[in-house]
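Participant: predicted model, plus sequence, below.
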Amino acid sequence: MSDTRPNFLIFITDQWHPRCLGYAGHPLVRTPHIDRLASGGMTFTRMYTSQPLCMPARATMFTGLTPRGHRVRMNGIPLDPTITTFTEALRRTGYQTHCCGKIHLHCSGSPNGIPLDELSPDNAPECRALWQSGRITDLPRPFYGLDGIDYVGGHGHGSFGHYIHWLRQDHPDAAPLFFDQVPLEPPSGASALFNRSSYKWALPQELHPMTWIADRTIDFLNTAAGRRRQDAADAPPFCLMCSIQEPHPPFAPPAPYCNLYDPKDVPPPVKKDGEYDPLPPHFRRMYETDLTTSGNKGQAMALTTTHYAECAAHYYWLIEMIDDQVGRVLDALRTNGLEEETIVLFIADHGEALGDHGMWGKGPYHIDGVIRVPFLVRWPGHTTPGTVHHGVVSLLDFAPTILDMAAVPVPEGRIPSEPEAPEAPDAWPGRSLASVLAGDDPGAERPALVEMDEDYLGFKMRTLVSQRYR
């Protein structure tokens, strides 16, 4: 492999509260493996999502475009496959692109008004019902620039994809624990909550979807290393995603993670008396009534008040399970001799309110825990270990940074040898952080824009975050 063509190992998690990390100073959550990754690279403390819902945020990660640009305004709108992704740009230059886990650039539900038996798999390749019925057994390739896929859609007991085929075939005796959502012990009333459902899962941790994703990621690394040992000159560089669906609800950790510490030790959420008084009326309505929004299917947030410590503890335990899987993958990277030639990134698509200000889930509210996400980069030979960047950066910067480190141009059709307009702005609205990571640029102030189109309530939210103001 050429020195100028690094590998990429990208950890993508779903719905991660930015304070829930050991290196971020959380008093209870332990993340030693992610902390080790942070100590070996650069930590960004003010990375903001572009839209705090899964599909719009992930579309931005893949395309480098704003939600207005790629037109995935909210969940339920598939990404136009004609828009070039950063994975496709890497693939065109010889990279092997592979994702283990969640993608979610297409809808996991079926379109309203179309009977399931009339729905074409070609138009709904990530549809849960079609996967569960057996009408879909694989994704088309390349899929948004991904040549290889070990696919898991959904979350927890709602997972589907290649994982459930493996579980049914290789572990039929344990499959009912998954499909019947069998609890390890009688659950509390929190198990019936929508976007904060909480219980202890009887599924063995070695058969959990998260473990399966890490196992497939390790399999890829073992195969890539073997290919390099056989013929290093012929082995292409890779871009490998380990895309874990947690800690998104359901908050259902398996043993031994479901008993790590007493929920009574969970710190209280951020809140204050009368905080809804100056806010738009939907905040109070979401807390007190069964108001349906894009992030909450008609269930009052106040129902979680008595279950707060349990739900938060189960969320923390999922994070500690993720950390162990990250550690396993990083160990495989090192054991296979790939560590020094691989750039490792860790990021989440958006945050989780986690009871702050009485809210759970991801909107419609742009509170800090929802719009700010963890972001770490370890770039061997370029980034000074243990550095911290406190400037504002955006999810828009994710894709151009990867392409810049790979020396691959941002895709915008055929690029002329000499630009017609030398002062033309970049094709993508984000910026590469490669010079920041290399220590050559402190990063001039550039605000981050967070969008959200709340179709259920009939309004659009926009938050602008600068270094000093919000």
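Facilitator: Thanks, I have it.

Participant: next, count neighbours for residue 452.
Facilitator: By other CB atoms under 10 Å, the residues close to residue 452 number 27. Using the backbone N, CA and C atoms, a C-beta is placed for each residue, glycine as well.

Participant: same thing with the one 10 residues further on?
Facilitator: As a burial measure, the neighbour count of residue 462 was computed by other CB under 10 Å and equals 10.

Participant: from residue 453, how far out is it?
Facilitator: 10 Å (CB to CB, to the nearest Å).

Participant: quick one, helices of this protein?
Facilitator: 32-39, 54-63, 67-70, 86-92, 128-133, 162-170, 175-179, 209-230, 281-288, 308-335, 368-371, 398-405, 434-437 (DSSP state H).

Participant: pLDDT of the first one, averaged?
Facilitator: Going back to what we said before, that points to helix 32-39. Averaged over helix 32-39, pLDDT sits at 98.

Participant: residues contacting that helix, please?
Facilitator: Outside helix 32-39, the residues within contact range by CB atoms under 8 Å, 6 or more residues apart in numbering are 21-23, 323-324, 326-327, 330, 344, 346, 374, 376, 378, 385-386.

Participant: let's see 6 Å
Facilitator: Residues outside helix 32-39 that contact it (CB atoms under 6 Å, 6 or more residues apart in numbering) are 22, 23, 323, 326, 327, 376, 378, 386.

Participant: and that helix, how far out from the chain middle?
Facilitator: Using CA atoms, centre = their mean, to the nearest Å, the distance from the centre of helix 32-39 to the centre of the chain it belongs to is 18 Å.

Participant: same deal with the third one?
Facilitator: Centroid separation between helix 67-70 and its chain, computed with CA atoms, centre = their mean, is 18 Å.

Participant: just the buried ones from the contacts of helix 32-39?
Facilitator: Among these, those classed as buried by 16 or more other CB atoms under 10 Å are 22, 23, 323, 326, 327, 376, 378.

Participant: for the helices of the chain, give me TSV that also has distance to residue 445.
Facilitator: Shown next, in TSV, are those (distance: least, CB to CB, whole Å):
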stretch	distance to residue 445
helix 32-39	23
helix 54-63	21
helix 67-70	22
helix 86-92	25
helix 128-133	42
helix 162-170	43
helix 175-179	48
helix 209-230	36
helix 281-288	30
helix 308-335	31
helix 368-371	18
helix 398-405	18
helix 434-437	12
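
Participant: lowest-confidence helix or strand of this protein?
Facilitator: strand 296-297 (a mean of 86; mean pLDDT, DSSP states H and E).

Participant: residues touching that one, excluding its own?
Facilitator: 194, 195, 361.

Participant: what's the answer for stretch 328-345, then?
Facilitator: 6-10, 214, 217-218, 221, 225, 242, 377-380, 405.

Participant: what pLDDT, on average, does that stretch get?
Facilitator: Model confidence over stretch 328-345, given as mean pLDDT, is 98.

Participant: in it, what counts as buried?
Facilitator: The neighbour-count check on stretch 328-345 (16+ other CB under 10 Å) flags 328-330, 332-333, 336, 338-339, 341-345 as buried.

Participant: so residue 308 is in contact with residue 355, correct?
Facilitator: Yes - if you go by CB atoms under 6 Å, residue 308 and residue 355 touch, sitting 5.1 Å apart.

Participant: show me which of these two is the more surrounded one.
Facilitator: Ranked by neighbour count (other CB under 10 Å), residue 308 and residue 355 place residue 355 first, with 25 against 19.

Participant: got the contact list for the more buried one?
Facilitator: Counting by CB under 6 Å, 6+ apart, residue 355 makes contact with 269, 308.

Participant: for it, give me the pLDDT.
Facilitator: With respect to pLDDT, residue 355 has a value of 96.

Participant: low-confidence ranges, the chain, go.
Facilitator: Residue ranges of the chain with pLDDT under 70: 1-4, 413-419, 443-444.

Participant: against which helices or strands is the strand ranked longest in it packed?
Facilitator: Counting residues, the longest strand found in the chain (DSSP state E) is strand 238-247. Here strand 238-247 touches strand 7-14, strand 96-101, helix 209-230, helix 308-335, going by 3 or more CB pairs under 6 Å, 6 or more residues apart in numbering; DSSP states H and E.
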